[in-house]
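Chemist: Take this sequence and fold it.
(one chain, ligands or ions: 1)
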Amino acid sequence: MEVAVLASGRGSNFQSIIDASSRGEIPNANIKLLIVNEKNAYAIERAKKHNIPHYLIESKNKKRSDFDLEMLEILHENRIDIIVLAGFMRILSTHFVNKYKNKIINIHPSLLPLFPGAHAHRETIKAGVSESGCTVHFVDDGVDTGPIIIQKSVPVNRNDTEETLANKILPLEHQIFPKALDLLTSRKLKINKGKVTIEAD
Ligand code: GAR
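Modeler: Coordinates of the predicted model:
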């Protein structure tokens, strides 16, 4: 399946997918292109290094519908089957999500449905919970609300900060995201009444 990755920044999750793919761990996925919405996104350097074509669509001062239409054009031209949101800090329009229904996955740094949105670590620390983690989920037209595919958890200690928590969770993101992409592209995920089941080999 042809896969497009959308990113806004550092791109370490994008890198984890590139690496897993080069190790042969996502055999049914071809990482075809990267789309970024920020010109300084380090994800661009990673794409260049691995000869993955990248497209910059700047989102600042652009209507959401126009931005999404530009993306759709690129995705259609490249016959993309699956979209991976790897630190893509922008909400997609309902129109866009419906075009790729059950074909978009996102990584989020909390145990959803807790702490959706852009400040998951800050809110986790503020709430004083004893556990956090990360979630890969299908994208629907809500914010971080779609069916959950995989989660991994870590303890949150009293002295954790946003930074220490992020550092604890990121390596787990790098494990579960490529895994979820493999399950999806191997057609092993089924969604029934908003819940995901994983088919055995
Ligand atoms: C990751 O921690 C990802 O889970 C988070 O942004 C970071 C991107 O890092 N995404 C969200 O918060 C989405 N709401 P990366 O650019 O190194 O992959």
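Chemist: contacts, neighbours, all on C-alpha from now
Modeler: OK.
Chemist: ok, now which ones touch Pro178?
Modeler: The contact partners of Pro178, by CA atoms under 8 Å, 6 or more residues apart in numbering, come to 16-17, 20-21, 25-26.
Chemist: That one and the ligand: what is the separation?
Modeler: 12 Å (CA to the nearest ligand atom, to the nearest Å).
Chemist: May I have the phi/psi pair for that residue?
Modeler: Pro178 adopts backbone torsions of phi -60, psi -40, taken as degrees, to the nearest 10.
Chemist: Could you tell me which residues of the chain lie near the ligand?
Modeler: By CA under 6 Å from any ligand atom, the part of the chain that sits against the ligand consists of 9-14, 86-87, 89, 107-109, 117-118, 170.
Chemist: Pull out the buried members of those.
Modeler: Using 16 or more other CA atoms under 10 Å as the burial test, the residues of the chain next to the ligand include 9-14, 86-87, 107-109, 117, 170 as buried.
Chemist: Those in helices, which ones?
Modeler: Judged by DSSP state H, helices contain the following of those: 12-14, 170.
Chemist: does Gln15 really touch Arg46, like I thought?
Modeler: Yes - Gln15 is within contact range of Arg46, at 6.9 Å (criterion: CA atoms under 8 Å).
Chemist: so, if you compare the residues of the chain next to the ligand, which one comes nearest to Ile176?
Modeler: Ile107 (8.7 Å; CA to CA).
Chemist: quick revisit: so which of the buried ones among the residues of the chain next to the ligand is the closest to Gly128?
Modeler: Closest to Gly128, out of all of these and judged by CA to CA, is Pro109, at 15.9 Å.
Chemist: roughly how far apart are that closest one and Glu45?
Modeler: Here the criterion is CA to CA, to the nearest Å. By it, Pro109 lies 23 Å from Glu45.
Chemist: What of Leu189?
Modeler: Taking CA to CA, one finds Leu189 at 32 Å from Glu45.
Chemist: more crowded one of the two?
Modeler: Leu189 (19 against 15; other CA atoms under 10 Å).
Chemist: Name all residues that make contact with the more buried one.
Modeler: Leu189 touches 183, 196-199, counting by CA under 8 Å, 6+ apart.
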